[in-house]
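Participant: Sequence and predicted model, in that order:
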Amino acid sequence: MNNIKESRKIGKIISKIEKGEYKDNYRRDYSSHVIGITGPLGVGKSTIVYQLGKLYAEKGKKTGIILNDPASESGGSFLGDRIRMQKLSGYKNVFIRSLSSKDAGGISGITRDAVNLLEKSSFEKIIVESVGAGQSEIEIASLVDTCIVVLMPGMGDEIQMLKSGINEIADIFVVNKSDKKQAQRTLREVEMLVNMKKGDWKIPVVLTSAIKNKGISELMEKIKEHHRYFKDNFKKIRKLKLEKELRILIKNEINKKLNCFFKKNLKNYVDEILTNKKDTSTVAKEVVNDCFTKE
Amino acid sequence: MSNLKILIAKPGLDGHDRGAKVMASAFRDAGIKVIYTGLRQTPEEIVTAAIQEDVDVIGLSILSGAHITLCKDIIALLKKEGASDIPVISGGIIPDEDIEELKKIGIIKVFGPGTFMKDAVSYIKTLK
């Protein structure tokens, strides 16, 4: 474990990020390739992260892995993604960190800062795994260079896929659990979906069985191809990403302020409603108008 | 809300993780962050995970009878890596007569059979 000192340092800084006590004005120089893995619960995201991480580590690449797990109502959390990749702890060039999603600034804010920190610490590959459901998926997608959406057979028909909105963030689709019966059918459905999309990057669909380490090197090849495309079209893509990122960060900042505001004032407004017989939606509009005209 | 974070790990050859999972859930419900690394961990894996995740305490669950050896190895490795400031507690099937020796090795607290979850939780909370 020759990188243990660095691990300790990075580990401590990420704790500060989680507490909102760390500020750095680092701007990404894109020396790292940031790969996002997202998709519904139980499709095999963690196992894919493990297999990819292992391949990169064996190629001698300094690899950082950021895992996002949901926080429970108690404020505590059960971060179990590490189980699937604990064998990676044996590699000296791999750093793994779990983040839980109830910390200051929203999960996307923390993930962004952690990614920046890893790039600054010259990690070549940074893999970010998202929670598995909800808005944070789309947020995290805008923070990564290559976004992989993982699906599996038997998750519902193609309409379901069109509906989910998740297809808008994919640079690469993976159909995992290829040993399942309907794998070919799901593959065709996703391919059809992809073929309907316009744009100069043709989204590849890769069939894998992560647990059996099948299709992973093909996936890695596609990731490489996308990275090349990303670099070739850097200006255009970066502009889009920055727009999305800024949008998210502004929302996070507003949310932070909003939570403070709620803590301080919400009770008073409720009292006001109770005494003055104003209705809730009128009060809400008044409050918001007040805030925005002041600024 | 506490920012306390614990690593729950099962070192060595031991296939029983019910106890560890029950404790992990109790900690989570008490607002503690739990990093759960699962079965059959080597001391190296446990120490690496504890450092990367920057945990406040390591909880080892051992039912195999090899607690003295495993705890010794893990404490030694933490020391070697300059991380002996991370406290280590243990639980599982540990005979009373071994508790003294485990404490000598550097395990700060042992939770044997019959431990109440609330006691373990309130103990953990005193660590930060």
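Facilitator: Sure, I can see it.

Participant: Next one: residue A:250 from residue A:244, what distance?
Facilitator: Residue A:250 sits 11 Å away from residue A:244, taking C-beta to C-beta, to the nearest Å as the criterion. Every C-beta, even on glycine, is put in place using the N, C-alpha and C of the backbone.

Participant: so what's residue A:145 up against?
Facilitator: A:30, A:33, A:34, A:35, A:227, A:230 (C-beta atoms under 8 Å, 6 or more residues apart in numbering or on different chains).

Participant: let's see it at 10 Å
Facilitator: Taking C-beta atoms under 10 Å, 6 or more residues apart in numbering or on different chains, we find residue A:145 in contact with A:28, A:30, A:32-36, A:115, A:126, A:171, A:223, A:226-227, A:230-231, A:234, A:237-238, A:241.

Participant: for residue B:68, same thing?
Facilitator: The contact partners of residue B:68, by C-beta under 10 Å, 6+ apart, come to B:62, B:94, B:98, B:101, B:102, B:104, B:105, B:107.

Participant: Out of those, list just those in helices.
Facilitator: B:98, B:101, B:102, B:104, B:105 (DSSP state H).

Participant: Tell me the most packed of the residues you listed, by neighbour count.
Facilitator: residue B:102 (23 neighbours; other C-beta atoms under 10 Å in any protein chain shown).

Participant: how near is that residue to chain A?
Facilitator: Distance, residue B:102 to chain A, by C-beta to the nearest C-beta, to the nearest Å: 24 Å.

Participant: I'd say that residue and residue B:94 touch.
Facilitator: Yes - at 7.1 Å, residue B:102 counts as touching residue B:94 under the criterion of C-beta atoms under 10 Å.

Participant: Residue A:284: which of the ones in helices among the contacts of residue B:68 is nearest?
Facilitator: Nearest to residue A:284 among the ones in helices among the contacts of residue B:68 is residue B:102, at 58.5 Å by C-beta to C-beta.

Participant: Mind jotting down where the strands sit in the chain?
Facilitator: Just so you know, I chose chain A. Counting by DSSP state E, chain A has strands at residues A:33-38, A:63-69, A:77-79, A:94-100, A:125-129, A:146-151, A:172-175, A:205-207.

Participant: try chain B instead
Facilitator: B:5-11, B:33-41, B:57-62, B:88-92, B:109-111.

Participant: Quick check: beta-bridge partners of the closest residue to residue A:131 other than its chain neighbours?
Facilitator: When the adjacent residues along the chain are set aside, residue A:131 lies closest to residue A:68, with 4.9 Å between them (C-beta to C-beta, 6 or more residues apart in numbering or on different chains). Residue A:68 has these beta-bridge partners by DSSP bridges: residue A:99.

Participant: Counting neighbours, what do you get for residue A:68?
Facilitator: 24.

Participant: measure it to chain B for me?
Facilitator: Distance from residue A:68 to chain B, by C-beta to the nearest C-beta: 13 Å.

Participant: Which residue comes closest to the residue most central in space within chain B once chain neighbours are left out?
Facilitator: Nearest to the mean C-alpha position of chain B, by C-alpha atoms, centre = their mean, lies residue B:59 at 1.3 Å. Spatial nearest neighbour of residue B:59, chain neighbours left out: residue B:8 (4.9 Å); criterion: C-beta to C-beta, 6+ apart.

Participant: my guess is that neighbour meets residue B:61, correct?
Facilitator: Yes - with contact defined as C-beta under 10 Å, residue B:8 counts as touching residue B:61 (6.7 Å).

Participant: Which neighbours do these two have in common?
Facilitator: B:17, B:19, B:20, B:21, B:23, B:24, B:91.

Participant: out of those, which are buried?
Facilitator: The neighbour count (16 or more other C-beta atoms under 10 Å in any protein chain shown) marks B:17, B:19, B:20, B:21, B:23, B:24, B:91 as buried among the shared contacts of residue B:8 and residue B:61.

Participant: okay but residue B:45 is in contact with residue B:39, surely?
Facilitator: No - using C-beta under 10 Å, residue B:45 makes no contact with residue B:39, being 11.1 Å away.

Participant: Show me whatever sits in contact with both of the two.
Facilitator: A:86, B:9, B:11.

Participant: can you tell me which residues contact the residue nearest to residue A:245 when sequence neighbours are not counted?
Facilitator: Excluding its sequence neighbours, the residue lying closest to residue A:245 (C-beta to C-beta, 6+ apart) is residue A:142, at 5.5 Å. If you count contacts by C-beta under 10 Å, 6+ apart, residue A:142 has them with A:36, A:108, A:112, A:169, A:240-248.

Participant: so who does residue B:87 touch?
Facilitator: Here residue B:87 is in contact with B:55, B:56, B:57, B:58, B:59, B:78, B:106, B:107, B:108, B:109, B:124, B:127 (C-beta under 10 Å, 6+ apart).

Participant: Between these, identify the one with the most neighbours.
Facilitator: Result: residue B:59 is most packed of those (other C-beta under 10 Å), 26 neighbours.

Participant: what's near enough to touch that one?
Facilitator: B:6-10, B:20, B:23-24, B:27, B:34-36, B:87-91, B:109, B:111, B:120, B:124.
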